[in-house]
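Peer 1: My questions concern the predicted model and sequence given below.
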Amino acid sequence: MNLKDKQEGLMERNETCALVEFNPFKTDWCTLPAHADFRLGEMVIIGDEEGEDLGKLVAFDPTGTHPTEGTVLRRATEQDLQRRAELNAKSIHTLELFRRLRDEYQLDMQVIGAHWRIDGKKVCFYFVSDKKLNFRMFHKALASALNVRVAIKQIGVRDHARLLGGIGPCGRILCCREFLKELKPITLRMARQQNLFVESTKISGLCGKLLCCLAYEEETYRWLIACPHVGDRVKTPHGIGTVTAVDPLTHQLRVRYEEGTEESISVEEATINE
């Protein structure tokens with residue numbers, strides 16, 4: 001594969017699954033057929049135990065370590081895309097019905113969107129609420145009115161922020177809006193590991209949750225914790241010396257020996273002298 005193909009996201013035959021985005025709130029890893037040649041950004045038809053749906057390929061996984069929820073059946077056709085446009089238009093009236101029944105049942109929820117599966121057999125509504133709601137009767141009435149299978153899912157504040165967008169404290173468009181495809185868990189340990197001042201207002205995003213960017217340097221900091229630190233005595237192929245600098249970008253250590261000489265070596269060449 002040449003550089004151009006890599007940049008365009010051409011899938012090699014050893015890649016076994018892909019991340020598929022169905023709507024702003026739903027992404028699943030799906031199995032790829034053998035000898036396929038899909039590219040990132042293509043619209044595809046997914047088959048699962050509930051039927052068929054349409055989504056966009058947003059990432060590939062050559063390791064096949066992710067559990068999959070469906071199978072990529074084929075590329076979407078013009079008819080599939082037209083069908084999606086028709087269902088999106090239908091969602092406008094579907095949401096009006098949702099809001100009317102919500103008010104009848106006096107539920108404190110804000111509906112964010114609706115997603116019809118491409119086969120028209122199921123519609124999923126997404127909402128946000130500060131409360132835990134019991135909407136069993138509301139769900140029954142909605143399904144009866146639409147005469148299809150209905151799912152009602154509460155989304156988190158991070159998903160809501162991704163939908164609305166905005167400018168983060170760094171002055172850039174929110175990462176979740178700009179390029180993140182999966183919202184992975186962020187922990188306080190990541191902030192402490194990076195020697196950041198653990199003040200919630202300083203390390204939280206617009207959604208009120210911990211900043212997604214705390215995870216960007218997680219691997220580097222794990223490496224730094226495991227490797228020799230400045231001041232450590234290390235054994236190298238050229239003798240025993242003291243670490244005077246650590247460069248995480250090149251994985252190099254600067255070592256000063258007892259006779260006064262210094263050299264740069266890779267981390268793999270040094271071991272702690274106990």
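Peer 2: Structure received. Numbering: from 1, shown residues only.

Peer 1: Any idea how many residues pack against residue 150?
Peer 2: 20 (other CB atoms under 10 Å). No exception for glycine: its C-beta is placed from N, CA and C like everyone else's.

Peer 1: separation between it and residue 46?
Peer 2: 20 Å (CB to CB, to the nearest Å).

Peer 1: Could you chop this structure up by domain?
Peer 2: The chain resolves into domains spanning 15-76, 80-155, 159-218, 227-272 when parsed by automatic domain parsing.

Peer 1: Worst mean pLDDT among those domains?
Peer 2: Lowest mean pLDDT of the domains of the chain: domain 159-218, a mean of 79.

Peer 1: circling back: just the domains of the chain: most buried one?
Peer 2: Across those, averaging neighbours per residue (mean count of other CB atoms under 10 Å) puts domain 15-76 on top, at a mean of 17.

Peer 1: ok, residues contacting stretch 214-233?
Peer 2: 184, 186, 190-191, 193-194, 196, 203, 234, 240-246, 248, 251, 253, 267, 270, 272-273 (CB atoms under 8 Å, 6 or more residues apart in numbering).

Peer 1: Let's see the distance spanning it from one end to the other.
Peer 2: 31 Å (CA to CA, to the nearest Å).

Peer 1: Report the distance from it to the chain centre.
Peer 2: Put simply, stretch 214-233 sits 24 Å off its chain's centre (CA atoms, centre = their mean, to the nearest Å).

Peer 1: can you give me the helices in the chain?
Peer 2: 3-8, 78-104, 136-146, 157-164, 175-178, 188-193, 218-226 (DSSP state H).

Peer 1: Which among those helices is found nearest to residue 112?
Peer 2: Smallest distance to residue 112 across those (CB to CB): 6.4 Å, for helix 157-164.

Peer 1: Run the chain-centre distance for the closest one.
Peer 2: With CA atoms, centre = their mean, you get 13 Å for helix 157-164.

Peer 1: same deal with stretch 69-87?
Peer 2: Taking mean C-alpha positions (CA atoms, centre = their mean), stretch 69-87 and its chain are 23 Å apart.

Peer 1: Just the terminal-to-terminal distance for that stretch.
Peer 2: Termini of stretch 69-87 sit 23 Å apart (CA to CA).

Peer 1: Enumerate every residue touching the residue nearest the centre of the chain.
Peer 2: Closest residue to the average C-alpha location of the chain: residue 182 at 0.9 Å, with CA atoms, centre = their mean. Residues counted as contacts of residue 182 (CB under 8 Å, 6+ apart) are 19, 27.
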